[in-house]
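Undergrad: take this sequence and fold it.
(one chain, ligands or ions: 2)
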Amino acid sequence: MGRIIAIANQKGGVGKTTTSVNLAAALARLQKKVLLIDLDPQGNASVAVGFDKDSAEKTIYDILVDEAGFDEVVSEIEEAGLDLLASNGDLTAAEVELLEEDMGPTRLSQALKPIKERYDVILIDCAPSLNMLTVNALVAADGIIVPVQCEYFALEGLSALMDTIETVQSELNPKLHIDGLLRTMHDRRNNLANDVSNELVSHFGMKVLQSIIPRNVRLAEAPSHGESIFDYDMSCSGALAYLALANEVVRKTQI
Ligand code: ADP
Ligand code: MG
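TA: Ligands and ions are numbered 1, 2, ... in the order given. Purely as a prediction, here's the structure:
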């Protein structure tokens, strides 16, 4: 119960937000009680589920820095069937403020402890950085899913991420488990994508998730409508792939 999964990769544009939003919505469709946490100051995940981030009275920033209560900040997103801790540009300041505190890296973990059991799964959409916010996510998490775009240079940066995961495991969070590397934006007709996909499997073996997210324009369109892929176009290849991923994650992690 209450598994916390960070969706992280310090590379931008690899599909972290798309995966966070649509995996969260898919798990909700499987009747799981889901909390989505937007931990990126860009607030893309908040906007993607139709939340007006700039008129938000309180965001995840207030939880991390001002010790606001969870119930003051959480929003119910009816259409996607999940709860959201939203973010906006304010969160940029949290990065600096948390760095100045001894307990900085454990702030999110502490804040989630009292509410963790209310949910079957809590997904954290991380910023494209290995900064203090991402460290907070990794310290709070039971598992991490790493989206990897099937393109040249995809593996670059993964060793820095693995080093960070090991450091967090040895110093702050021994329970952190790699729930899987997720191949995203995959195009079957592209030889390079297939090569990168195979290379990933030969490097990381069983850590690579079986589900593969195809390149699908509907996934790129849905956020501008403030809808998950299931509300935007339930029958497209992207929706089917995220549903398959949700089933695989449920099987693997027993949430
Ligand atoms: P990140 O959060 O890692 O920066 P995003 O999820 O925002 O990455 O994705 C980067 C861009 O690629 C966005 O414009 C998004 O809509 C698009 N995108 C993500 N996944 C797919 C996909 N499977 N097919 C097509 N476009 C995608
Ligand atoms: Mg993002």
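
Undergrad: and the longest strand belonging to the chain, how far out from the chain's middle?
TA: Taking DSSP state E as the criterion, the chain has its longest strand at strand 177-186. Distance, stretch centre to chain centre, for strand 177-186: 11 Å (C-alpha atoms, centre = their mean, to the nearest Å).

Undergrad: over to stretch 184-201?
TA: How far stretch 184-201 lies from its chain's middle: 22 Å, per C-alpha atoms, centre = their mean.

Undergrad: report the contact partners of the residue in the stretch 151-255 of the chain positioned nearest to ligand 2.
TA: In the stretch 151-255 of the chain, no residue comes nearer to ligand 2 than Pro223, which is 10.1 Å away by C-beta to the ion. Backbone N, C-alpha and C define where each C-beta goes, glycine included. Neighbour list for Pro223: 17-18, 21, 44, 47-48 [criterion: C-beta atoms under 8 Å, 6 or more residues apart in numbering].

Undergrad: what is the top helix by length along the chain packed up against?
TA: Longest helix in the chain by number of residues (criterion: DSSP state H): helix 237-253. Here helix 237-253 touches strand 3-7, helix 16-29, strand 177-186, strand 208-214, helix 217-221, helix 229-232, going by 3 or more C-beta pairs under 8 Å, 6 or more residues apart in numbering; DSSP states H and E.

Undergrad: how does it look with 7 Å?
TA: On a contact count with 3 or more C-beta pairs under 7 Å, 6 or more residues apart in numbering; DSSP states H and E, helix 237-253 meets helix 16-29, strand 177-186, strand 208-214, helix 229-232.

Undergrad: is the shortest one in proximity to ligand 1?
TA: Right, helix 229-232. No - judged by C-beta under 6 Å from any ligand atom, helix 229-232 stays clear of ligand 1, getting no closer than 9.5 Å.

Undergrad: helices or strands up against that helix?
TA: Counting contacts by 3+ C-beta pairs under 7 Å, 6+ apart, helix 229-232 is packed against helix 16-29, helix 217-221, helix 237-253.

Undergrad: buried stuff in that helix?
TA: Buried residues in helix 229-232, defined by neighbour count with 16 or more other C-beta atoms under 10 Å: 229-232.

Undergrad: what of stretch 74-83?
TA: By neighbour count with 16+ other C-beta under 10 Å, stretch 74-83 contains the buried residues 74-75, 77, 80-83.

Undergrad: around ligand 1, which positions in the stretch 101-250 of the chain sit nearby?
TA: By C-beta under 6 Å from any ligand atom, the residues of the stretch 101-250 of the chain that approach ligand 1 are 128, 184-185, 213, 215-216, 219-220, 223, 238.

Undergrad: got a ChimeraX select line for the buried ones in those?
TA: Buried members of those can be picked out in ChimeraX with the line below, counting by 16+ other C-beta under 10 Å:
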select :128,184,185,213,215,216,219,223,238
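
Undergrad: which one among the residues of the stretch 101-250 of the chain next to ligand 1 gets closest to Ser202?
TA: For those, the closest approach to Ser202 (C-beta to C-beta) belongs to Thr184, at 18.5 Å.

Undergrad: now do the closest residue to that closest one other than its chain neighbours against Leu245, distance only.
TA: Leaving out its chain neighbours, the residue that sits closest to Thr184 by C-beta to C-beta, 6 or more residues apart in numbering is Gly15, at 3.5 Å. Per C-beta to C-beta, to the nearest Å, Gly15 is found 11 Å from Leu245.
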